[in-house]
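Peer 1: My questions concern the predicted model and sequence given below.
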Amino acid sequence: MTVSSAAFIPEKIAKLKEYVPVEADVPVKLDSNENPYPMPEPLRARLCEIAGTLEYNRYPDPYARELVGKFAKVYGVKPERVVAGCGSDEVLHLLCQALIYDGAAVATAPPDFSMYAFYAYLEGGRVITSSRGADGRIDFCELARLAKSDGCRCVMFSNPCNPTGAVATRDEMLDFVRNAGCPVVVDEAYGEFSGREYSVLDMAGELPNLIVLKTLSKAFGLAGLRVGFAVAHEDIVRAVKKVKSPYNLNAFSQAAGAAALEYAGEIFALAEKIGKAAKELYKKLHALSLQGGYEAVEPGANFVLLKFFDAADAERVHAELLRRGISVRLLGGALRITCGTDAENEKFYAEFERTIKGGITNERGKAGEGDARD
Ligand code: PMP
């Protein structure tokens, strides 16, 4: 009897789609919300030194204590309220494993980071969604209704939001968390670009249901190292430690991440500069949008979302930019432009303007924007 291997895969997994990364080999890469600048030279030298001295025959520290201690010091939180993982992606998955069970509802506010719905689905969760305004901002009244609805076990959103770039205020978020009645994950992956006044990190764990996610992939420019954190009440941190694999974060990432955190001052200043450059890019794109065809969303992060009136235009502009050596992210009927170096932004703007002037639809259609997976 011959059995197909595919028959062994449960339907729940079989119907998933594999992640397709953007692999454009072009000079200007503005598609993955990465930091465009190289790390400080002394940090690079330090990482080379670390690589040469680690004992690779030994398992790493299961609790990444040095890394967690440095992170806690830089961000002013208690180390016992921090758990580290292989990117905030893994930390998010661990949180879902710790908090969600079959049939539990998980509330999200799309368009947002698509991994919330993805990991919730993997853990048997039922995703329920709340809407956002035209400016990309969360409707916290609607989200509160969902949070308090039957069986809701968790709410997740990013702030600043990927892909819209919209930011919620600290007061809005804290009011919401205080009333939600279930765990709320506020993903501050891009927080360093918007400034601390939009952060609720200091309240993670102070409010028993507030969990804040952080990463070294964005402002720190260390996406390749895969280092992320959750900050939450000790009870939640303990639950995450129970479900994680013992050695989830490798020895080099732990040591390199800890070394990078020593450069926080320099890195935060650079993040602020990138945040300002994103706003400048937005202003130019907004001015150009007055001629019609698309709308630019004011960013609180290191990228700008352009919502096209006609999805076909977004596709055409995306393809044309690629042909001209610039890769941006196509998300449904929208384009997300990561802020690059000044030279990259200028090159993007010049080519974008030229492409737009080739003619795009001026009537407002129904081209929605999709969730972002990175
Ligand atoms: N949260 C948000 C909002 C993101 O955009 C991303 C990745 N782009 C992540 C989390 C995951 O980041 P990482 O796993 O690299 O820490």
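Peer 2: Nice, thanks for sending it over.
Peer 1: Give me the nearest residue to Val74, chain neighbours excluded.
Peer 2: Leaving aside its sequence neighbours, Val74 sits nearest to Ala264 (Cβ to Cβ, 6 or more residues apart in numbering; 4.5 Å). C-betas here are computed from N, CA, C, even on glycine.
Peer 1: what about the one you found, how many neighbours?
Peer 2: Ala264 has 18 neighbouring residues, counting by other Cβ atoms under 10 Å.
Peer 1: quick one: it and Gly76 touch, right?
Peer 2: No. Using Cβ atoms under 8 Å, Ala264 makes no contact with Gly76, being 11.1 Å away.
Peer 1: before we move on, back to that, can you pull the pLDDT of the residue nearest to Val74?
Peer 2: Turning to Ala264, the model gives it a pLDDT of 97.
Peer 1: same check, this time on the one 4 residues further on
Peer 2: Looking at Phe268, its pLDDT reads 95.
Peer 1: can you pull the contacts of the residue lying closest to it once chain neighbours are set aside?
Peer 2: Sequence neighbours aside, Glu192 is the residue nearest to Phe268 in space, at 5.8 Å (criterion: Cβ to Cβ, 6+ apart). Contacts of Glu192 were listed using Cβ atoms under 8 Å, 6 or more residues apart in numbering, and they are Lys218, Ala219, Ile267, Phe268, Ala271, Glu272, Gly275.
Peer 1: Could you grab the helix/strand/coil label for the first one?
Peer 2: What that stands for is Lys218. Secondary structure, DSSP: H, G, I helix; E, B strand; the rest coil: Lys218 is coil.
Peer 1: any idea how far it lies from Asn302?
Peer 2: 7 Å (Cβ to Cβ, to the nearest Å).
Peer 1: One more: the third one?
Peer 2: According to Cβ to Cβ, Ile267 and Asn302 sit 13 Å apart.
Peer 1: These two: who's more crowded?
Peer 2: Each of Ile267 and Asn302 has its neighbours counted (other Cβ under 10 Å); Asn302 has more, 28 against 24.
Peer 1: need the contact list for that one.
Peer 2: By Cβ under 8 Å, 6+ apart, Asn302 lies in contact with Asn33, Asn35, Tyr190, Phe193, Lys218, Ala271, Ile274, Gly275, Ala278, Thr338, Cys339.
Peer 1: tally of neighbours for the fourth one?
Peer 2: What it means is Phe193. For Phe193, the neighbour count with other Cβ under 10 Å is 30.
Peer 1: following the one helix or strand it maps to, which helix or strand shows up next?
Peer 2: Taking DSSP states H and E as the definition, one finds Phe193 inside helix 191-194. Per DSSP H and E, the first helix or strand lying C-terminal to helix 191-194 is strand 210-215.
Peer 1: can you give me how far that following strand is from the chain middle?
Peer 2: Relative to its parent chain, strand 210-215 has a centroid offset of 11 Å by Cα atoms, centre = their mean, to the nearest Å.
Peer 1: Next, see if it gets close to the ligand.
Peer 2: Yes. Applying Cβ under 6 Å from any ligand atom, one finds strand 210-215 touching the ligand at Thr215.
Peer 1: So which elements touch that strand?
Peer 2: Strand 210-215 is packed against helix 87-99, strand 184-187, strand 227-231, with contacts defined by 3 or more Cβ pairs under 8 Å, 6 or more residues apart in numbering; DSSP states H and E.
Peer 1: any idea of the angle the last one forms with helix 87-99?
Peer 2: Spelled out, it's strand 227-231. Put simply, strand 227-231 runs at 40 degrees to helix 87-99, going by axes from the mean of the first three to the mean of the last three Cα atoms, to 10 degrees.
Peer 1: From the contact counts, what lies against strand 227-231?
Peer 2: So strand 227-231, by 3+ Cβ pairs under 8 Å, 6+ apart, packs with helix 65-75, strand 82-86, helix 87-99, strand 210-215, helix 234-243, helix 251-261.
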